[in-house]
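quick one: sequence plus predicted model below, questions after.
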There are 2 protein chains.
Amino acid sequence: MTKAIQDLSRLCVHTITTKPWSLAEAIAGYQKAGVQGITVWRPHIEPIGNEEAAKRLADSGMTVVSLCRGGFFPAETEAQRQANIDDNLVAIDEAQAIGAPVVVLVPGAVPGMPLEEGRRQIADGIAAVLPHAEAAGVKLAIEPLHPMYADSRSAVITLKQANDMAESFKHAHVGVTVDVYHVWWDPELETEIRRAAPHLLTFHICDWRTPTQDLVTDRGIMGEGCIPLRQIRGWVEDTGFDGFHEVEIFSEEYWSVDQQEFLNRITKAYVQHA
Amino acid sequence: MTKAIQDLSRLCVHTITTKPWSLAEAIAGYQKAGVQGITVWRPHIEPIGNEEAAKRLADSGMTVVSLCRGGFFPAETEAQRQANIDDNLVAIDEAQAIGAPVVVLVPGAVPGMPLEEGRRQIADGIAAVLPHAEAAGVKLAIEPLHPMYADSRSAVITLKQANDMAESFKHAHVGVTVDVYHVWWDPELETEIRRAAPHLLTFHICDWRTPTQDLVTDRGIMGEGCIPLRQIRGWVEDTGFDGFHEVEIFSEEYWSVDQQEFLNRITKAYVQHA
């Protein structure tokens, strides 16, 4: 049986989780709530720039866990694929600037493009940016997304596919992200988490609500849904993973309430259910 | 390359697709549109009863392809599980009454119940009703559902799991349904369709829209989305399957328009895209 969470020392929150807050507000709010890890979404850097974001994060003493998000490599045209690659190079620069050791890649997909072709373009995109990532000391985490996003967000659907792709690079700067929301249903999950041991870079948590009202923005707080979170965390930690547990919740409902109270619900739920 | 559809001789429509229509209206409308196969949903029998439904279907000369739907076996309590089994016995009686050779099973799931336990209860439920199905000359088709329904509609998620379960019965009255909407994303789909050859009972078509506005009721007409329908049909027909192509579309949008015009769009799209 997986040991219960004892404290908040490994809790990280994604800035998108508290989307209404600026980066400065998020840092202040997270620290008030006892959260020590932060994963920064690019829209939270944009208004202030890399330098100011880096300074605020460094001053806070918080651990910057990763930058979200790069990826979205596939495209219909060569020009757009190059634009996507260029944008990933910028994301890597941002990660380096703020001291984020990992850029999480949402792989991308184009509706109607065969998934195999999408995966080929994703692998090509990663190959194109990998030297820059290595030079910057930043790792790239391939995140498999739930099959309901296979149309337009990710041709990498299962952790098996993400592992296949990560292993194909044989490179210390390419790994995977496990997000319970995307993979909890997968009958091969335990096996593939074990296989991911050498390259499991980040771990995202939340819950799946019943009924789910929206395909994107109705994620639940841990304990609110059906995901066997503690079991999956156990599999993740059995690999030797000792990184942060990152709370990534997209929710129109929670974005509309007081964010400090929402954060307090998150920390409480984390200790009870993660 | 899979041969294009030549005519409507293998086209079937689910009565839920034209939900606003009564069974009588559906029969008349389908015949006007040249549709020769019909899969009857239980709510379309209920207002008139088995005998009247059977008479109308027999008089129409249409082929009754299947009855939708049985299943939903898992439950928290023994009493509820028995109630679910009893309801499936009734569904089998209805299928027999209207001359439907197959009852499609939506397996069911209980939010928070481990998926393995859900599958165990599904297999137990099928075992409990199988003798009645055999006596009635009705086959049971296990339909794997998209992972986005793993919380509350189906613990059987992949065609591999449905095949595993079907094979475990070693019984001519248990097989599977392939619905492109549920399985199109699966990297093992071609392999598992090939494996399903001996027990592939029914084949459902529609499309996946981008963006999808609702988890249940925003399915598209063939050609409106990203599903590689012709490729999947090719795999299905390579097994020797020569049954109907059943159009099953849940759509608030299409239920709100003139159903005969909707049906005309379906028949046109079927020939162009299926």
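Great, that's in hand. Quick caveat: nothing in here was measured; it's all calculated off a predicted structure.

distance of residue A:92 from residue A:101?
11 Å (Cβ to Cβ, to the nearest Å). The way it works is simple: take the backbone N, C-alpha and C, and place the C-beta from them, glycine included.

between these two, which contacts overlap?
residue A:138 (Cβ atoms under 8 Å, 6 or more residues apart in numbering or on different chains).

neighbour count winner among those two?
Between residue A:92 and residue A:101, counted using other Cβ atoms under 10 Å in any protein chain shown, the more crowded position is residue A:92 (25 against 18).

now do the same contact list for the more buried one.
A:70, A:103, A:129, A:132-133, A:136, A:138.

among those residues, which pair sits farthest apart?
Greatest spacing in the contacts of residue A:92, by Cβ to Cβ: A:70 and A:136 (12.0 Å).

who does the spatially most central residue of chain A form a beta bridge with?
The centroid of chain A falls nearest to residue A:104 when counting by Cα atoms, centre = their mean (5.4 Å). Counting by DSSP bridges, residue A:104 is bridged to residue A:68, residue A:141.

so it makes contact with residue A:70?
Yes: contact status for residue A:104 versus residue A:70: in contact at 7.1 Å, counting by Cβ atoms under 8 Å.

what's the neighbour count on residue A:202?
Neighbours around residue A:202, by other Cβ under 10 Å: 26.

just the one 5 residues further on next, same as before
Look at residue A:207: counted by other Cβ under 10 Å, it has 22 neighbours.

follow-up on the earlier one: quick one: pLDDT of the residue nearest to the centre of chain A?
Looking at residue A:104, its pLDDT is 98.

now do residue A:1
So, for residue A:1, pLDDT stands at 76.

for it, which non-adjacent residue is spatially closest?
residue A:234 (7.7 Å; Cβ to Cβ, 6 or more residues apart in numbering or on different chains).

assumed that neighbour was part of a strand.
No: counting by DSSP: H, G, I helix; E, B strand; the rest coil, residue A:234 is not part of a strand but helix.

show me what from chain A comes close to chain B.
A:111-112, A:114-115, A:146-148, A:150-152, A:157-158, A:160-161, A:184-187, A:208, A:210-212, A:215, A:225-226, A:228 (Cβ under 8 Å from any Cβ of the partner chain).

buried among these? Need that as a selection in PyMOL.
To isolate the buried members of the residues of chain A next to chain B in PyMOL, using 16 or more other Cβ atoms under 10 Å in any protein chain shown:
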select buried, chain A and resi 115+146+147+148+150+151+152+157+158+160+161+184+185+186+208+210+212+215+225+226
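
how many neighbouring residues does the closest residue to residue A:246 other than its chain neighbours have?
Take residue A:246 and drop its neighbours on the chain: the residue closest to it by Cβ to Cβ, 6+ apart is residue A:12, 4.2 Å away. Other residues within reach of residue A:12, judged by other Cβ under 10 Å, total 27.

mind checking the SS state of residue A:12?
Three-state assignment for residue A:12 (three-state DSSP): strand.

ok, it touching residue A:37?
Yes: using Cβ under 8 Å, residue A:12 is in contact with residue A:37, at 2.9 Å.

chain A: helices as residue ranges?
A:23-33, A:42-45, A:49-60, A:78-98, A:115-136, A:159-169, A:180-183, A:189-195, A:229-238, A:252-255, A:259-273 (DSSP state H).

closest one to residue B:173 among those?
Of the helices of chain A, nearest to residue B:173 by Cβ to Cβ is helix A:189-195, at 32.2 Å.

contacts for that closest one, please.
Counting by Cβ under 8 Å, 6+ apart, A:158-160, A:163, A:178, A:183, A:186, A:200, A:232, A:235-236, A:238-239 sit against helix A:189-195.

and those, which is closest to chain B?
residue A:158 (6.7 Å; Cβ to the nearest Cβ).

ok so, going back, need the buried ones from the contacts of helix A:189-195 selected in ChimeraX.
Buried residues within the contacts of helix A:189-195, by 16+ other Cβ under 10 Å, are selected in ChimeraX with:
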select /A:158,159,160,163,178,183,186,200,232,235,236,239
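
the contacts of helix A:189-195 into TSV, with extra columns for distance to residue A:246?
Below are these laid out as TSV (distance: Cβ to Cβ, whole Å):
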residue	distance to residue A:246
A:158	20
A:159	16
A:160	22
A:163	20
A:178	10
A:183	14
A:186	19
A:200	13
A:232	13
A:235	16
A:236	12
A:238	19
A:239	16
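
could you dump the contacts of helix A:189-195 into TSV with pLDDT added?
As requested, the contacts of helix A:189-195 are exported to TSV (pLDDT from 0 to 100):
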residue	pLDDT
A:158	98
A:159	98
A:160	98
A:163	98
A:178	98
A:183	98
A:186	98
A:200	98
A:232	98
A:235	98
A:236	98
A:238	98
A:239	98
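
would you check which pair of the contacts of helix A:189-195 lies furthest apart?
With Cβ to Cβ as the measure, no two of the contacts of helix A:189-195 lie farther apart than A:158 and A:238, at 19.5 Å.

quick check: the residue nearest to residue A:246 vs chain B, distance?
Residue A:12 is 25 Å from chain B, where distance means Cβ to the nearest Cβ, to the nearest Å.

repeat that for residue A:11.
Taken as Cβ to the nearest Cβ, the span from residue A:11 to chain B is 23 Å.

residues near that residue, how many?
Counted with other Cβ under 10 Å, residues neighbouring residue A:11 total 23.

mind listing what it touches?
A:34-37, A:244-245, A:247, A:267, A:270 are the contacts of residue A:11 under Cβ under 8 Å, 6+ apart.

residue A:202 now?
The neighbours of residue A:202, taking Cβ under 8 Å, 6+ apart as the test, are A:39, A:65-66, A:102, A:104, A:141, A:177-178, A:243-244, A:246.

could you list every residue that touches the residue nearest to the centre of chain A?
Here residue A:104 is in contact with A:39, A:66-71, A:141, A:143, A:177, A:202 (Cβ under 8 Å, 6+ apart).

pLDDT added to those residues, as TSV?
As requested, those are exported to TSV (pLDDT from 0 to 100):
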residue	pLDDT
A:39	98
A:66	98
A:67	98
A:68	98
A:69	97
A:70	98
A:71	98
A:141	99
A:143	98
A:177	98
A:202	98
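
farthest-separated two in those residues?
A:39 and A:71 (14.7 Å).

overlap in contacts, residue A:12 and residue A:37.
Common neighbours of residue A:12 and residue A:37 (Cβ under 8 Å, 6+ apart) are A:63, A:65, A:244, A:246.

farthest pair within these?
A:63 and A:246 (10.9 Å).

list residues touching both of those two?
Joint contacts of residue A:63 and residue A:246 (Cβ under 8 Å, 6+ apart) are A:12, A:37.

quick check: pLDDT value at the residue lying closest to residue A:27 once chain neighbours are set aside.
Nearest non-adjacent residue to residue A:27, counting by Cβ to Cβ, 6+ apart: residue A:60, 4.7 Å away. At residue A:60, the model reports a pLDDT of 98.

verify the stated contact: residue A:156 with residue A:147.
No: with contact defined as Cβ under 8 Å, residue A:156 does not count as touching residue A:147 (10.9 Å).

was I right about residue A:145 contacting residue A:108?
No: counting by Cβ under 8 Å, residue A:145 stays clear of residue A:108, with 9.5 Å between them.

which neighbours do these two share?
Common neighbours of residue A:145 and residue A:108 (Cβ under 8 Å, 6+ apart) are A:153-154.

count the neighbours of residue A:176 for me.
Neighbour tally, residue A:176, other Cβ under 10 Å: 27.

sweet, I'm off.
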